[in-house]
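1. Here's my sequence, what's the structure:
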Amino acid sequence: MTGKKVHLVGHSVGGAVSALVCSLYPELVASFTSVEGNFTLKNAFWSGQIAQKPLTVVTASMDGYNADPDAWIAAAGVPITAWTYTLARRWLANQSASTIRAQAQAVVAATGADQYLTDIRHLLTSTTPMYLIAGERSSAGWDVPDWANAGCAMRINIPNAGHLMMAEDPARFAKAVLTCLHYQ
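-> Predicted coordinates:
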C-alpha cells in the first residue's frame, strides 16, 4: 500500500466484512458506508440458514437460482431489464456453493461474537466517519442498533428501493453513496 486510505462501501454480508476490515486495518480506511450491512445475527438470517445446511443442500439451492436467475433477482424487487438479466447471471456465477457456505459460516461466527459490535462502537467513536444506507422498502427489517443510528455521520433511506437498491436503480444508489462521501 502507498499509504492512501480508501472509502469502503459494503452491502449486506459485504457490510459485515467491511466492518471487520475497518476494525483490523483502520489506518487504511477513510470512511465506511454500510449498505444494509449485517450488524446482528438477525441481519445475517440468510447466512445463518446457509451456514447450517449441508453443502449438497446449498448446491441444490444455488442450482435452483441458476435455473431461473430472473425469478431469483425479481423476487428481491429488481425489475428485469437487459442489464439486470445479465447482472443476475453474473452474480450467481461469481461464487461456488462451497464458497457461499464458507462465507456464511464466517459471517455468522464474526457477527455472533460480542467483539463485533464492540468494534463497531469503537469505529463510531473514531475519526473514521460511518454512513448507513438502506432501501426504503427493506429498512424496517434492517436490525441497526439505536446507538449506531445515533452515532453515524449520516443515514440515507433510498425511496422506493429494496435490499438490492444498486440493481434496482444504480444512479440513485450512486447518488446516495456520493452524498455520504461528500458530507462534511
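2. where do the helices sit along this structure?
-> Secondary structure of the chain (DSSP state H): helices located at 13-24, 45-52, 55-67, 69-74, 82-94, 97-112, 114-124, 146-151, 165-168, 170-182.
3. Among those, which comes closest to residue 31?
-> Closest to residue 31 of the helices of the chain is helix 170-182 (CB to CB; 6.5 Å). No exception for glycine: its C-beta is placed from N, CA and C like everyone else's.
4. Quick one: distance of the worst-scoring helix or strand of the chain on mean pLDDT to the chain centre.
-> Across the helices and strands of the chain, mean confidence by mean pLDDT, DSSP states H and E is lowest for helix 45-52: a mean of 91. Between the centre of helix 45-52 and the centre of its chain there are 15 Å (CA atoms, centre = their mean, to the nearest Å).
5. In that helix, which residues are buried?
-> Burial within helix 45-52, assessed by neighbour count using 16 or more other CB atoms under 10 Å, is assigned to 47, 48, 50, 51.
6. got JSON lines for the residues you listed, with distance to residue 77 too?
-> Shown next, in JSON lines, are the buried residues of helix 45-52 (distance: CB to CB, whole Å):
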{"residue": "47", "distance to residue 77": "20"}
{"residue": "48", "distance to residue 77": "22"}
{"residue": "50", "distance to residue 77": "21"}
{"residue": "51", "distance to residue 77": "25"}
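7. Grab the two from those residues that are most spread out in space.
-> Farthest apart among the buried residues of helix 45-52 by CB to CB are 48 and 50. That separation is 7.5 Å.
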